[in-house]
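Novice: What follows is a predicted protein model with its sequence.
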Amino acid sequence: MFIPGKQAVTLTPKAAAHIARLMEKDGHTALKIGVKKGGCAGMEYTMDYIDELGEHDEVVEQDGARVVIAPMAQMFLFGTQIDYETSLLESGFKFINPNVSEACGCGESIKFDDALFAKK
């Protein structure tokens with residue numbers, strides 16, 4: 001569901017700062033986020049550096065960070081908040097996605113609400 005004037009995703013200050021550092025360090029244009037089939041729950045998030053924007057990519061800019069949402073992932077990611085967490089054992093991005101109905105035990109794959117696939 002697209003709402004005009006509302007970004008597909010939001011970034012916490014920690015996530016925005018980390019993405020901005022990555023972009024500055026490596027000289028890339030943006031971090032592109034998508035979803036693909038895979039994992040034990042059925043879908044996985046993807047993250048890739050990009051240097052050129054696609055015609056239908058949605059661009060989210062916040063606090064010096066630029067995130068691009070792949071066209072096919074926009075409906076899956078709408079309303080998602082991206083955070084960056086650091087602990088003693090690991091650090092990484094965390095997706096708080098209201099469209100996810102299940103996640104696997106390892107946290108690497110997700111299943112989306114079947115309503116996203118319903119024909120309108």
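Specialist: On my side now, so go ahead.
Novice: Please make it C-alpha for all contacts and neighbour counts, starting now.
Specialist: Noted.
Novice: Give me the buried positions along the longest helix seen in the chain.
Specialist: Ranked by number of residues, the top helix in the chain under DSSP state H is helix 13-26. Neighbour-count burial for helix 13-26, with 16 or more other Cα atoms under 10 Å as criterion, is recorded at 15, 16, 17, 18, 19, 20, 22, 23.
Novice: in terms of contact, does the fifth one touch residue 31 like I think?
Specialist: Yes: checked against Cα atoms under 8 Å, the pair residue 19 and residue 31 is within contact range at 7.4 Å.
Novice: and for those two, which residues touch both?
Specialist: residue 66 (Cα atoms under 8 Å, 6 or more residues apart in numbering).
Novice: mean confidence for the one helix or strand residue 60 maps to?
Specialist: Using DSSP states H and E, residue 60 falls within strand 58-62. Averaged across strand 58-62, pLDDT comes to 91.
Novice: That strand to helix 13-26, inter-axis angle?
Specialist: 100 degrees (axes from the mean of the first three to the mean of the last three Cα atoms, to 10 degrees).
Novice: Sketch out the low-pLDDT regions of the protein for me.
Specialist: Applying pLDDT under 70 to the chain picks out residues 1-6, 105-108, 113-120.
Novice: can you give me the strands for this structure?
Specialist: 9-11, 30-37, 43-50, 58-62, 65-69, 80-86, 91-96, 100-103, 110-112 (DSSP state E).
Novice: From the contact counts, what lies against the second one?
Specialist: If contacts are counted by 3 or more Cα pairs under 8 Å, 6 or more residues apart in numbering; DSSP states H and E, strand 30-37 sits against helix 13-26, strand 43-50, strand 65-69.
Novice: What is the shortest one packed up against?
Specialist: Think strand 65-69. Looks like strand 65-69 contacts helix 13-26, strand 30-37, strand 58-62 (3+ Cα pairs under 8 Å, 6+ apart).
Novice: Using CSV, lay out those together with distance to residue 99.
Specialist: Formatted as CSV, the helices and strands packed on strand 65-69 follow (distance: least, Cα to Cα, whole Å):
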stretch, distance to residue 99
helix 13-26, 20
strand 30-37, 13
strand 58-62, 18
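Novice: And the contacts of stretch 82-91?
Specialist: 9-15, 18, 92-96.
Novice: No further queries at this time; thank you.
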